[in-house]
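# I would like the atomic coordinates for the input below:
(2 chains)
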Amino acid sequence: MRLSALDARDSRRLRRRARRWTTIRKLVQYATLLVFIGLFVASRGSRWPAEVVNLPMRLDPLAMLAQLLASRTFLAGSTLALLTLGLTLVFGRAWCGWLCPLGTVLDLFSFRRERGQHQPPPESTRAVKHGLLLAILSAALFANLSLMVLDPLTLVYRTLATSVWPALDRLVIAAETALYRIPILHPLLSGFDRLVRPSVLPTAPVFYRGALVYAGVFLAVVALNLWAERFWCRYLCPLGGFLGLLSKVALLRREVGGRCTECGLCAGSCPAGTIDEAKGYASDPAECTMCLECLETCARGDVRFPLHLGAADWSHYDPSRRQALTVLAATAGGIALLGSDLVARRNGAHLIRPPGTLDERLLSQCIRCGECIHVCPTAALQPALTEAGLEGLWTPMLLPRLGYCDYACNACGQVCPVQAIPPLSLEEKRRQVIGRAHIDRNRCIPWADYGSCIVCEEMCPLPEKAISLDTYEGPNALGDPVSVQRPQVIAERCIGCGICEYKCPAAGEAAIRVYAPAAGPLF
Amino acid sequence: MERITRREFLRCMAAGLGALTAGELLAACGRGATITPTHLPPPVLVPPAETEIAASSPEPSSTTPPEYPDLVVARGGEPRELVRQALERLGGIGRFVHNGDDVIVKPNICVAYNTYEYAATTNPWVVAALVELCWEAGAGRVRVMDNPFGGTAEEAYARSGIQDQVVAAGGEMEVMAGYKFVMTDVPQGLDLGQCAVYGDVLSADVVIDVPIAKHHSLARLTLGMKNLMGVIARREMIHANLGQRIADLTSLIHPALTVVDAVRILMAGGPTGGNLADVRQLDTVIASADIVAADSYATTLFGLLPDDLDYIRAGAAMGLGRSDLANLKIEEIALGA
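Numbers count the residues shown, from 1 in each chain, chains lettered A, B, ... in the order given. You can find the predicted model right below:
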């Protein structure tokens, strides 16, 4: 049906107004992404207070709820998530459309042209995200937070921390090293370096295990856009599922007015793919991300967002009671299986946790966000990959050969958004025993080779050093007389910071290694 | 098959050469440059390789003009005054720093763990006094830096108190960036052949070494020569044959002026410290153009002799300076109060 001249003018005016909204939305999306990245960058070096820096994580209601259920401890800081819940109860899944950093990245890489007319998966696939949501919450009831790796905010933060940021640093270092050969560029290089370090990039290169895996997972999530737009948000995101179910009772919901000509343009432009031709181009408020694209595309300006009271209809992919119970039972079974597997305890010898935490407590409180891993100035905190079993995947552990626990630092506890690592003062943190060093006398240079080296003793940060030296005077392996100082660990004093292991000049594996503190019996 | 035109052929050649050059440049990113140091003294006859020295040290490469003392020891005053008076007696800062010089002041900021009262890091006012003097001499640029082994540079610069005082004196604190460490030959080295050294230190006009006198388990004491370890990247390898290698490193860096901070000294538990009971307040500053002499005098503050330290013996044997205190022109001044 062709538009009359009057209709056409109206339409243009309405579309201009609508475009203002989508432009505002895009600006808000980019601004929030920049703020997210800005807070990520500012977190290192304690330049900004921890409560500001971990703000995005505390806004995440899924993370806060899961942590509350799993640890049964209420934290004042997590009430910030109520803001997001409040926003959802008024505006529906506006978080997904306007604020979520992963959502913004997925919009930036929407691959519209590459996707073409590819058929998206069937609607029932939307149930997967509800399943994952229920699994996360059920597991949390059993004090297990392993599935928090699926949360979008923790996903983005971890990827930034372990893959993107170190890789960016490596590129900059490569450029700087190459350009340093040209002497006239030195002042320019120094100026640039001072500008970016330590404010944006680290002063010493950082290495994280599993960086490739993390980048791979993130790229896979983005690549799924080739199958359907915002694939993650539609079918996989547990936070999206959570906010979606809440949106069933949101105040503002999309509605199509009586002047609809069934042109189908809105359905084509909807990133969430929720505008249903069969239902008269109505949309499911649990899937609608309030992006307002349909507002812009509708030639008749017939899309409205009026107030609604009362719940929206339940779709076939929304969780039923049976499905919820099935997921609960399956999760319980899964957790029981995890507990039967001894992996968590098998490699425990070198499983060193951040100061102030106990392994059991950490597993049920850590939301796997990676903030502590990022903030650690020596990159000592690394994600556990297999050391704590599948249960402990992506929880923080110390790898002294990659970085030592800085005696001058207590940043991890300050920044943790759920206090899984308790916020300790520097003095308290220095008193925490996180491990104990042992010297391998078969490889230690003075002990094995009669050589001169006491780097471990030199580096020990304690005022009363945990390494003492004795002097050996006698023949070496060739029979020549030597006098060497040999180190010995004083177990009662050692706090397990690992600087000895980090600095040990022995090739490959250090000759002094930190072991996890003596635990109780295996079970 | 069509014949290739001259233009196409040249274009192919250019593209190929361009790719080769780009590849070389990219490969260079991983390697970094080797810098030839600009202020090495002329080669000196190296004595035999034992670290035991003869009864008197051989003549050092740079002889002090007769009107100046070899060493000045200032006692009993505020750190800033001690430094200023000591430098004045030594012949004034103008003897070392000239108009427009690029100056690097190298204090000891080895750890970020404690504040300056714990005597593990150089006194902030001693460092600041030197920065002030350099500006007065007309220096073009004055930078202060160290590469801590415990904690990050930002933490260490702040907690030691040195950042605040240096910035107040108009100096620059520089965090030693990884990309500037270049593999350098040590031509006079008897044991150390090559070492990754901070390029800017080698190309600077003047290097001023400002150690704090403190205990060290392997070296016995950390003084001026040992303080130079802060300018190299891989410190662990120096510990095998520490004495000779420190002397070798000193031959490469050759600071123009050494000012030993003995305002507070650390008697035990070094180099990290942490126990106030191990600190002794001496309110003393030692200044000399001869790093070996400065270190030699400093050993006496701990009740030791210069010969007790391996690196002093090695340095004297290499002709880097003199350790025979009895034959040196030493001026001791007391600042009253």
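# In the stretch 251-400 of chain A, mark out all the helices, start to finish.
Taking DSSP state H, counting those that start in this stretch, the helices of the stretch 251-400 of chain A run over residues A:265-269, A:293-297, A:321-340, A:343-346, A:359-365, A:371-375.
# Of those helices, give the one that comes closest to residue A:503.
Of all the helices of the stretch 251-400 of chain A, helix A:371-375 sits nearest to residue A:503, with 21.5 Å by Cβ to Cβ. Backbone N, C-alpha and C define where each C-beta goes, glycine included.
# contacting residues around the one helix or strand residue A:428 maps to?
Taking DSSP states H and E as the criterion, residue A:428 maps to helix A:426-431. Contact with helix A:426-431 is made by A:355, A:356, A:407, A:408, A:409, A:410, A:413, A:495, as judged by Cβ atoms under 8 Å, 6 or more residues apart in numbering or on different chains.
# Tell me the pLDDT of the fifth one.
As predicted, residue A:409 sits at a pLDDT of 94.
# Give me the number of neighbouring residues for it.
Neighbours of residue A:409 under the rule other Cβ atoms under 10 Å in any protein chain shown: 24.
# likewise the second one?
Residue crowding around residue A:356 was assessed by other Cβ under 10 Å; the count is 22.
# same check, this time on the last one
Residue A:495: 23 surrounding residues under other Cβ under 10 Å.
# Wasn't it part of a helix?
No: counting by DSSP: H, G, I helix; E, B strand; the rest coil, residue A:495 is not part of a helix but coil.
# SS state for residue A:514?
Residue A:514 is classified as strand under three-state DSSP.
# The stretch 401-523 of chain A: strands as residue ranges?
A:436-439, A:467-475, A:481-489, A:512-515 (DSSP state E, counting those that start in this stretch).
# which non-adjacent residue is nearest residue B:175?
Of all residues not flanking residue B:175 in the chain, residue B:153 sits nearest, at 4.4 Å (Cβ to Cβ, 6 or more residues apart in numbering or on different chains).
# What's the local residue count around the closest residue to residue B:309 other than its chain neighbours?
Nearest residue to residue B:309, sequence neighbours excluded (Cβ to Cβ, 6+ apart): residue B:220, at 5.5 Å. Counted by other Cβ under 10 Å, the residues lying close to residue B:220 total 19.
# give me every residue that touches residue B:220.
B:304, B:308, B:309.
# Run through the bridge partners of it.
In this entry, residue B:220 is beta-bridged to residue B:216, by DSSP bridges.
# pLDDT wise, what is it at?
92.
# Distance of it relative to residue A:164?
47 Å (Cβ to Cβ, to the nearest Å).
# Residue A:19 belongs to a helix, doesn't it?
Yes: assessed by three-state DSSP, residue A:19 belongs to a helix.
# where's it relative to chain B, distance?
44 Å (Cβ to the nearest Cβ, to the nearest Å).
# close enough to count as contact, that residue and residue A:297?
No: in this structure residue A:19 lies outside contact range of residue A:297 using Cβ atoms under 8 Å: 10.2 Å.
# which of these two has more neighbours?
residue A:297 (19 against 13).
# I'd assumed residue B:226 was in a strand, is it?
No: counting by three-state DSSP, one finds residue B:226 to be helix, located in no strand.
# any idea how far it is from chain A?
Remark: distance between residue B:226 and chain A (Cβ to the nearest Cβ) = 11 Å.
# what about that residue, how many neighbours?
Residue B:226 has 27 neighbours, counted by other Cβ under 10 Å.
# same question, the one 3 residues further on
Applying the criterion other Cβ under 10 Å, we find 22 residues in the vicinity of residue B:229.
# Now residue B:83: closest residue in space that isn't a chain neighbour?
Nearest to residue B:83 is residue B:129, by Cβ to Cβ, 6+ apart, at 3.9 Å.
# and the one you found, what does it touch?
B:79, B:80, B:83, B:84, B:169.
# so where's the stretch 351-500 of chain A shaky on pLDDT?
Applying pLDDT under 70 to the stretch 351-500 of chain A flags the ranges A:359.
# Centre of the chain to stretch A:13-20, how far?
Between the centre of stretch A:13-20 and the centre of its chain there are 37 Å (Cα atoms, centre = their mean, to the nearest Å).
# And for stretch B:175-192?
The chain centre lies 13 Å from the centre of stretch B:175-192; the measure is Cα atoms, centre = their mean.
# Now do that stretch: distance from first to last residue.
26 Å (Cα to Cα, to the nearest Å).
# quick one: buried residues of it?
B:175-182, B:184-186, B:188-192 (16 or more other Cβ atoms under 10 Å in any protein chain shown).
# for stretch A:263-277, same thing?
Those would be A:265, A:266, A:267, A:269, A:270, A:271, A:272, A:273, A:274, A:275, A:276, for stretch A:263-277 by 16+ other Cβ under 10 Å.
# ok, which of those also contact chain B?
For chain B, no contacts are drawn from the buried residues of stretch A:263-277 by Cβ under 8 Å from any Cβ of the partner chain.
# so who does residue B:100 touch?
Going by Cβ under 8 Å, 6+ apart, residue B:100 touches B:138, B:139, B:140.
# now whichever residue of chain B sits closest to chain A, nearest residue through space, not along the chain?
Residue nearest to chain A within chain B: residue B:274 (2.9 Å; Cβ to the nearest Cβ). Nearest in space to residue B:274, with sequence neighbours left out and distances taken as Cβ to Cβ, 6+ apart, is residue A:463 at 2.9 Å.
# Any regions of chain B where pLDDT drops low?
Ranges of chain B meeting pLDDT under 70: B:1, B:27-65, B:337.
# Could I get the full set of helices for it?
B:6-31, B:79-90, B:124-136, B:153-159, B:162-168, B:199-203, B:224-227, B:242-253, B:291-300, B:310-318 (DSSP state H).
# So for residue A:42, which of those sits nearest?
Nearest of those to residue A:42, taken as Cβ to Cβ: helix B:153-159 at 13.6 Å.
# Show me which parts of the closest one are buried, residue by residue.
B:153, B:154, B:155, B:156, B:157, B:158, B:159.
# Quick one: residues contacting the closest residue to residue A:473 other than its chain neighbours.
Counting by Cβ to Cβ, 6+ apart, residue A:483 is the residue found nearest to residue A:473 once chain neighbours are left out, at 4.8 Å. By Cβ under 8 Å, 6+ apart, the contact set of residue A:483 is A:471, A:472, A:473.
# before we move on, what about residue A:315?
Per Cβ under 8 Å, 6+ apart, neighbours of residue A:315: A:123, A:126, A:284, A:286.
# Distance of it relative to residue A:88?
18 Å.
# Kindly report the same for residue A:502.
Distance of residue A:502 to residue A:88, computed by Cβ to Cβ: 46 Å.
# thought the residue nearest to residue B:274 was touching residue B:270?
No: if you go by Cβ under 8 Å, residue A:463 and residue B:270 don't touch, sitting 11.1 Å apart.
# Those two: which is more packed in?
The neighbour count for residue A:463 versus residue B:270, taken as other Cβ under 10 Å, is higher for residue B:270 (25 against 18).
# Can you tell me, leaving aside adjacent residues, what's nearest to that one?
residue B:215 (3.7 Å).
# you'd agree that neighbour is up against residue B:223?
No: Residue B:215 is beyond contact range of residue B:223, at 10.7 Å (criterion: Cβ under 8 Å).
# neighbour-wise, which of the two wins?
Counted by other Cβ under 10 Å, residue B:215 and residue B:223 do not tie: residue B:223 has more neighbours, with 33 against 19.
# hang on, the earlier thing: now, of the contacts of residue B:129, which are buried?
Counted by 16+ other Cβ under 10 Å, those give B:79, B:80, B:83, B:84, B:169 as buried.
# what does the stretch 251-400 of chain A put close to chain B?
A:377, A:378.
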